[in-house]
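*Asks:* Build the 3D model from these lines:
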Amino acid sequence: MSIDIEANRNEDTMKLLLSAMRKKYEEVKLGGGKKRIEKEHAKGKLTARERIEFLLDEGSPQLEIGAFAGDEMYAEQGGCPSGGVIVVIGYIKGRQVIVVANDATVKAGAWFPITAKKNLRAQEISMENHLPIIYLVDSAGVFLPMQDEIFPDKEHFGRIFRNNARMSSMGILQISAIMGSCVAGGAYLPIMSDEAMIVDKTGSIFLAGSYLVKAAIGENIDNETLGGATTHCEISGVTDYKCLDDKDCLTRIRNIMDKVGAAANAGFDRVEAAEPAKNPEDLYSIMPETRDKPYDVMQIIERLVDNSEFEEYKATYGKTILCGLARIDGWAVGIVANQRKIVKNKKGEMQFGGVIYSDSADKAARFIMNCNQKKIPLVFLQDATGFMVGSRSEHGGIIKDGAKMVNAMANSVVPKFTIVTGNSYGAANYAMCGKAYDPRLMLAWPTAQIAVMGGAQAAKVLLQIEVSSLKAKGKEITEEDEKALYDKIFDHYEKTTSIYYSAARLVVDAIIDPLETRKAISMGIEAANQSPITEKYNVGVIQV
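*Replies:* Purely as a prediction, here's the structure:
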């Protein structure tokens, strides 16, 4: 097969995946549907997405977090598109912020378990980067049929208010706008913010609504008198500003942000940005149409970095991981990338692409430590099937070298950003800064898969276990039975390795077009640059 034909097939496959992603996103953007959107408009309200669009600077870069949260979850409850809350990193008056907006078209903005997880992720991003956070509140509170999965545990609803308090003590700006319902425990969120405003007639805030007040103490009162804008701006003093409508409220937030002082600076190096010398659109044709084919990851790096310039570290050693220094949108970065082409080690032995060997792990650990020494943010490009197995690797100390890499990465004090371009399997997910290792952002291309191992390998292992169990019970298994069982196991496993399955559960923050990678990393480093490094880098005990 000629290179051109293969590249064309790769490009066709990528574009089909991107088309499917965009179609799914357009459906997600409708939230609870067109009829629910019309009902919000009839009340004189903007939708959550319309509010964010009005609030953020026109034409400025944006990065939506968790757009596919809740995808194919809660079917019995009618679904929960985007987790019922929209989260976007963007700019107000040129200042980078994160905005959290309840989507009232989805179950009146009620909180599902994934809603709480997504809100907590937004606060985590704010806390890690000292990023101002804006809450656009419009929620009926906890989704009562699932209250046991939302209310009592450490990472549940109450953690939101704990974070409000912690963020305030850290000096992180929090502004809340009550633009619809704000009920029960949720009423604490805006009032624990630095400033709170409320929209007249449509905004309301109370610990218990009129029906519950009637049931609890027998008092007859309407919601507006109980907790509307007039009540809280003129009687209780709970809110700071009374707004005429949604646009007036959002304009007030913009006016406040216009007066906010400059952020602190972590000191990450940035120069004038330059576009890659090699065409970034080639990214569509580089990734193979199937995940088992090799390719040269340097081709991807050269289309992500400024001027396509990459200062490779230990180029002739540990070749299944590429490490080196570059710039992305002007920011200095250290890149750690899985090499997918087949290479030779120092002994001339062939090494499989996408597999981490001892020498590669050793090299990556040293490079990560160097970047921490130089205060250079780290970017991980994940496409690996795992660490090398077998007697030669075990005798050579693969576990020791893998542990060294994990230790160096886990203790890193410079910000880390992870892009899953292809496979993210097993311990390679961990060593290459998977979600458990606190990347500031974890993003994925539509070609990504995340799992303990590949579908075929996992299905074979699970099939052996299942067949042995059935035989132990005295059942005869024909070849047809075995094939049907394999197909069933494989199909289920493949579904759980889908990047949308991970995105639905916020394992990744976003699925992005490869052409958005530079923008996302640049915005991430800009956010991280607002949070000075206060920890000293210390890897603890490492076996050498």
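
*Asks:* May I have the beta-bridge partners of residue 63?
*Replies:* Counting by DSSP bridges, residue 63 forms beta bridges with residue 89.

*Asks:* can you list the residues that contact the helix or strand hosting residue 523?
*Replies:* Using DSSP states H and E, residue 523 sits in helix 517-528. Residues from elsewhere that reach helix 517-528, judged by C-beta atoms under 8 Å, 6 or more residues apart in numbering: 61, 63, 89, 96, 125, 128-129, 131, 266, 268, 273, 276, 280, 283, 304, 328-331, 333, 377, 379, 415, 417, 419, 440-441, 443, 445, 510, 512. The way it works is simple: take the backbone N, C-alpha and C, and place the C-beta from them, glycine included.

*Asks:* residues touching residue 164, list them.
*Replies:* Residue 164 makes contact with 174, 188-189, 192-193 under the criterion C-beta under 8 Å, 6+ apart.

*Asks:* same deal with residue 277?
*Replies:* Counting by C-beta under 8 Å, 6+ apart, residue 277 has contacts 302, 307-309.

*Asks:* so it, which of the three states?
*Replies:* Assigned with DSSP: H, G, I helix; E, B strand; the rest coil, residue 277 falls in the coil class.

*Asks:* And for residue 224?
*Replies:* At residue 224 the chain is in helix, as set by three-state DSSP.

*Asks:* wait, doesn't it sit right on residue 206?
*Replies:* No. With contact defined as C-beta atoms under 8 Å, residue 224 does not count as touching residue 206 (10.5 Å).

*Asks:* Who has more neighbours out of these two?
*Replies:* residue 206 (22 against 16; other C-beta atoms under 10 Å).

*Asks:* Check the contacts of residue 277 for burial and list the buried ones.
*Replies:* 302, 308 (16 or more other C-beta atoms under 10 Å).

*Asks:* Now do the end-to-end distance for stretch 295-313.
*Replies:* End-to-end distance of stretch 295-313 (C-alpha to C-alpha, to the nearest Å): 20 Å.

*Asks:* mind listing what's buried in that stretch?
*Replies:* Neighbour-count burial for stretch 295-313 [16+ other C-beta under 10 Å]: 295, 297-306, 308, 310, 313.

*Asks:* Then stretch 198-209?
*Replies:* Applying 16+ other C-beta under 10 Å to stretch 198-209 flags 198-200, 202-206, 208-209 as buried.

*Asks:* next one: stretch 95-108
*Replies:* Buried, per 16+ other C-beta under 10 Å, within stretch 95-108: 95-108.

*Asks:* Stretch 486-501 now?
*Replies:* 486, 489-490, 493-494, 497-501.

*Asks:* same check, this time on stretch 436-445
*Replies:* Neighbour-count burial for stretch 436-445 [16+ other C-beta under 10 Å]: 437-445.

*Asks:* average model confidence for it?
*Replies:* Throughout stretch 436-445, pLDDT has a mean value of 98.

*Asks:* Tell me which stretches of the stretch 251-400 of the chain form helices.
*Replies:* 283-286, 297-301, 358-374, 391-395, 398-410 (DSSP state H, counting those that start in this stretch).

*Asks:* and those, which one's lowest on average pLDDT?
*Replies:* Taking the mean pLDDT of those, helix 391-395 comes last: a mean of 75.

*Asks:* For that one, list every residue counted as buried.
*Replies:* For helix 391-395, a neighbour-count test (16+ other C-beta under 10 Å) marks residue 393 as buried.

*Asks:* Would you mind pulling the contact partners of it?
*Replies:* 357-358, 387.

*Asks:* Which member of the residues you listed is positioned nearest residue 234?
*Replies:* Using C-beta to C-beta, residue 387 is the member of the contacts of helix 391-395 that sits closest to residue 234, with 64.9 Å.

*Asks:* wait, doesn't that closest one sit right on residue 398?
*Replies:* Yes. Shown here, residue 387 and residue 398 form a contact pair, counting by C-beta under 8 Å, at 5.7 Å.

*Asks:* shared neighbours of these two, which are they?
*Replies:* 357, 361.

*Asks:* where in the protein is pLDDT low?
*Replies:* 1-3, 185-186, 395, 455, 458-459, 541-544 (pLDDT under 70).

*Asks:* for it, which helix is longest?
*Replies:* Using DSSP state H, we find that the single longest helix of the chain is helix 3-28.

*Asks:* name the helices or strands packed onto that helix?
*Replies:* helix 283-286 (3 or more C-beta pairs under 8 Å, 6 or more residues apart in numbering; DSSP states H and E).

*Asks:* Now do the helix it packs on: which elements does it pack against?
*Replies:* Using 3+ C-beta pairs under 8 Å, 6+ apart, helix 283-286 sits against helix 3-28, helix 297-301.

*Asks:* With distance to residue 159 as added columns, please give those in JSON lines.
*Replies:* As requested, the helices and strands packed on helix 283-286 are exported to JSON lines (distance: least, C-beta to C-beta, whole Å):
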{"stretch": "helix 3-28", "distance to residue 159": "25"}
{"stretch": "helix 297-301", "distance to residue 159": "37"}
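
*Asks:* Out of the buried residues of stretch 295-313, which comes closest to residue 464?
*Replies:* For those, the nearest to residue 464 is residue 295 (31.9 Å; C-beta to C-beta).

*Asks:* Brilliant, that's me finished.
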